[in-house]
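Enquirer: Here's my sequence, what's the structure:
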Amino acid sequence: MKRRRTSHIVLAAGGTGGHMFPALALMDELIERGHRVTLITDKRGLKYRNMFKEIKIYEVESASFAGKGIFGKIASIPKIISGIFEARSILKMIMPGAVIGFGGYPAFPTIKAALSLNIPTCLHEQNAVLGKVNRHLAKSVDAVALSFEDTKKVKWHNYNYVAVTGNPVRKEIVDIGDLYYPTVGDDKIFRILVIGGSQGAKIFSEVVPQAVSTLPRASQRRLQITQQCREDDIEAVRELYSDTKIAVDLTTFIDDLPNCLRWAHLVIGRAGASTISELSTAGRPGILVPYPQATDNHQMENAKELVSTGGAWLYQNHEFNAKTLAKILQRMARHPNEVWKAAEQSRKIGKPYAAKDLADLVERLALVKGKRSVLKVNKIEEVANDKETEIEELKAER
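Expert: Here you go, the predicted model:
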């Protein structure tokens, strides 16, 4: 068997789980292939350091212009410049084969530093709308990897190379997609997982307990709910559930999401990129309430494919209330097959090989270090070869 050539890959990610979880999934795939991996992140990204135990982690300065006045923007400039110089020093020291950025302002200094050192670079976009930082950098990098085929604000003709890889998720979640969906019947327990994150949990903390408390006692006894709540809300939510007959597990952070997804019949949550990719990869239906303040309304765009295929139900923030949710749950109790069909539709659009496909792309960059147009050339050669094959087949037919 031919031995795989290995390289040193740098992941540039930070901020929220939406950027960090895909980086984590790619890290696992690259390490499994024998590559060395390093993470360069910001202060917020360090909150996830326990998930990246196997690799070296560096922190650099970063700052965002978003939501700041003129003085705030001016104050951000020194931090961004400092971050670029810090990242440049790190990259010169470790000399990686490639750097991949996962979008957002924490990745910006590292990608800019890599470009200045002529290190092969790749961007990954998790959302269905190309983010502002990725939009700014896309023309300069060697490759752009997308999670959605119909990603908005992508200028395909201006980039060196574009590939739709999907959004990487952890192997434990990929494995769920190979399992049977849990049986739902009249006498069976119906398990609901409620996730929301720091920005999305409050509406669910109010609506979900209010909705289920109005259900008949017999229906309540069939429910098991695991719900993520903000720390400020958790005691109030516990009080709302106290008068029901529902088995509830409340937590501020879900440590073992794969296990929760494995037994869940239904997921209620926002429409962040990680949520959509995890639901579709695992084959779980969802009730989605996109975060209304999301930049470029990207959560609404994220949800479109899953909803249009019948894998989820979509409600805007102002539409989602206790009465509406109670009606949905009662309908699902009467027609459990509806939920099962939604699970199957969700599974159909999943991209379980996203981490592998993204790793393939990064490997190609790293193993031809310094040849910035290689992906574009290879793509042209692939098309030419396909045409040659087509011509030969036509000749043979004649």
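Enquirer: what's the burial count for the closest residue to residue 106 other than its chain neighbours?
Expert: Nearest non-adjacent residue to residue 106, counting by Cβ to Cβ, 6 or more residues apart in numbering: residue 14, 2.8 Å away. Any C-beta I mention is one placed from the backbone N, CA and C, and that applies to glycine too. Residues near residue 14, counting by other Cβ atoms under 10 Å, number 31.
Enquirer: Ok, residue 31 next?
Expert: Residue 31 has 14 neighbours, counted by other Cβ under 10 Å.
Enquirer: ok, now which ones touch it?
Expert: Residues near residue 31 by Cβ atoms under 8 Å, 6 or more residues apart in numbering: 37, 54, 55.
Enquirer: how about JSON lines for those residues, with secondary structure and neighbour count added?
Expert: Compiled in JSON lines, these are given as follows (DSSP: H, G, I helix; E, B strand; the rest coil; neighbours: other Cβ atoms under 10 Å):
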{"residue": "37", "secondary structure": "strand", "neighbour count": "21"}
{"residue": "54", "secondary structure": "coil", "neighbour count": "9"}
{"residue": "55", "secondary structure": "coil", "neighbour count": "16"}
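Enquirer: tell me which of those is nearest to residue 259?
Expert: If you rank the contacts of residue 31 by distance to residue 259 using Cβ to Cβ, residue 54 comes first, at 21.1 Å.
Enquirer: Could you give the backbone dihedrals for residue 223?
Expert: phi -90, psi 140 (degrees, to the nearest 10).
Enquirer: Quick check: chain neighbours aside, which residue is closest to it?
Expert: residue 246 (4.8 Å).
Enquirer: Contacts only, for that neighbour.
Expert: Residue 246 is in contact with 212, 220, 221, 223, 224, 225, counting by Cβ under 8 Å, 6+ apart.
Enquirer: Could I get the pLDDT score of it?
Expert: Listed pLDDT for residue 246 reads 93.
Enquirer: And it, how far from residue 5?
Expert: According to Cβ to Cβ, to the nearest Å, residue 246 stands 55 Å off from residue 5.
Enquirer: again with residue 237
Expert: 52 Å.
Enquirer: what do you get for residue 11?
Expert: 19 Å.
Enquirer: Comparing those two, which residue is more hemmed in?
Expert: residue 11 (30 against 11).
Enquirer: what about that one, which SS state?
Expert: At residue 11 the chain is in strand, as set by DSSP: H, G, I helix; E, B strand; the rest coil.
Enquirer: Contacts only, for it.
Expert: Applying Cβ under 8 Å, 6+ apart, we find residue 11 in contact with 23, 26, 27, 37, 38, 39, 40, 99, 100, 102.
Enquirer: okay, now the closest residue to the last one other than its chain neighbours: neighbour count?
Expert: Taking Cβ to Cβ, 6+ apart, and ignoring the residues beside it in sequence, residue 102 has residue 13 as its nearest neighbour in space, at 4.0 Å. Using other Cβ under 10 Å, residue 13 is surrounded by 30 other residues.
Enquirer: Give me the distance between residue 13 and residue 19.
Expert: 5 Å.
Enquirer: Same check on residue 162?
Expert: The spacing between residue 162 and residue 19, counted by Cβ to Cβ, is 20 Å.
Enquirer: need the strands for the stretch 1-150 of the chain, in chain order.
Expert: 8-12, 36-41, 56-59, 98-101, 121-125, 143-146 (DSSP state E, counting those that start in this stretch).
Enquirer: hmm, who's touching the fifth one?
Expert: Outside strand 121-125, the residues within contact range by Cβ under 8 Å, 6+ apart are 22, 26, 98-103, 111, 114-115, 131, 134, 137-138, 140-147, 151, 165, 358, 361-362, 365.
Enquirer: how about low-confidence regions in the stretch 151-300 of the chain?
Expert: Applying pLDDT under 70 to the stretch 151-300 of the chain flags the ranges 185-187, 197-200.
Enquirer: Phi and psi next, for residue 214.
Expert: Main-chain torsions, residue 214, degrees, to the nearest 10: phi -90, psi -10.
Enquirer: any idea how far residue 332 is from the nearest residue to it once chain neighbours are set aside?
Expert: Excluding its sequence neighbours, the residue lying closest to residue 214 (Cβ to Cβ, 6+ apart) is residue 326, at 5.0 Å. In this view, residue 326 and residue 332 are 11 Å apart by Cβ to Cβ.
Enquirer: Pick out whichever of these two has more residues nearby.
Expert: residue 332 (21 against 18).
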